[in-house]
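**Student:** here are the coordinates; sequence isn't available:
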């Protein structure tokens, strides 16, 4: 198994969103993101699939996850029919080590006859003293449509820094 880089975006000054596109085959794709920090304290990283480069804002996102917290017990989370999904475990902030780092695996994105879905694995230092969260889960966009990428954004403010990279798994 190998990886072919499709797209990358390194944020060095605050931006409202980051969009990675280039999914154009039926292969599995992987997205990595590291040191993603917001410009505003106590905000959460969110994402949407893109169709022809534009985010799908419909209420067709379902998700489920388990949070493993270094400071307390684990917790479960799930939701259906939302207009976005989450690639992060918790709210992050502007302090040192309050960042998101994760890996997504994307399936069926190029298919116009199946739902696009993905798995999520994240390590996050939250805005409350950079407490460590581990998070594993998945999401599905319950529309049979060809998706070409992902858009990332904060629920408040901008993305201040970090690197997002899209790979094709070969």
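**Tutor:** Alright, I've got the coordinates. Computed from a predicted model, the values in this text were never measured in an experiment. Numbering: from 1, shown residues only.
**Student:** quick one: the strands in this structure?
**Tutor:** Under the criterion DSSP state E, the chain carries strands at the ranges 3-11, 17-21, 29-38, 45-51, 54-55, 61-69, 75-82, 100-107, 115-125, 132-144, 149-154, 159-169.
**Student:** name every strand pairing with the fifth one and say which way it goes.
**Tutor:** Spelled out, it's strand 54-55. strand 45-51 (antiparallel) (DSSP bridges).
**Student:** angle of the strand it pairs with against strand 115-125?
**Tutor:** Computed with axes from the mean of the first three to the mean of the last three CA atoms, to 10 degrees, the direction of strand 45-51 lies at 160 degrees from that of strand 115-125.
**Student:** any idea how far strand 45-51 is from the middle of the chain?
**Tutor:** Centroid separation between strand 45-51 and its chain, computed with CA atoms, centre = their mean, to the nearest Å, is 7 Å.
**Student:** how about it: buried residues?
**Tutor:** For strand 45-51, burial by neighbour count (16 or more other CB atoms under 10 Å) applies to 45-51. (C-beta placed from N, C-alpha, C; glycine too.)
**Student:** quick one on the thing from earlier: among the strands of the chain, which is nearest residue 93?
**Tutor:** Comparison of the strands of the chain against residue 93 by CB to CB identifies strand 29-38 as nearest, at 6.9 Å.
**Student:** what's the closest one packed up against?
**Tutor:** Strand 29-38 is packed against strand 3-11, strand 100-107, strand 149-154, strand 159-169, with contacts defined by 3 or more CB pairs under 8 Å, 6 or more residues apart in numbering; DSSP states H and E.
**Student:** picking up where we left off before, which one of the buried residues of strand 45-51 is nearest residue 117?
**Tutor:** The closest of the buried residues of strand 45-51, once distances to residue 117 are taken by CB to CB, is residue 49, at 9.7 Å.
**Student:** name the nearest residue to the closest one, ignoring sequence neighbours.
**Tutor:** residue 147 (4.3 Å; CB to CB, 6 or more residues apart in numbering).
**Student:** ok, now which ones touch that neighbour?
**Tutor:** Counting by CB atoms under 8 Å, 6 or more residues apart in numbering, residue 147 touches 23, 49-51, 56, 109-110, 116, 141.
**Student:** from the residues you listed, pick the one nearest residue 62.
**Tutor:** Checking these one by one against residue 62 (CB to CB), the nearest turns out to be residue 141, at 8.3 Å.
**Student:** much appreciated, bye for now.
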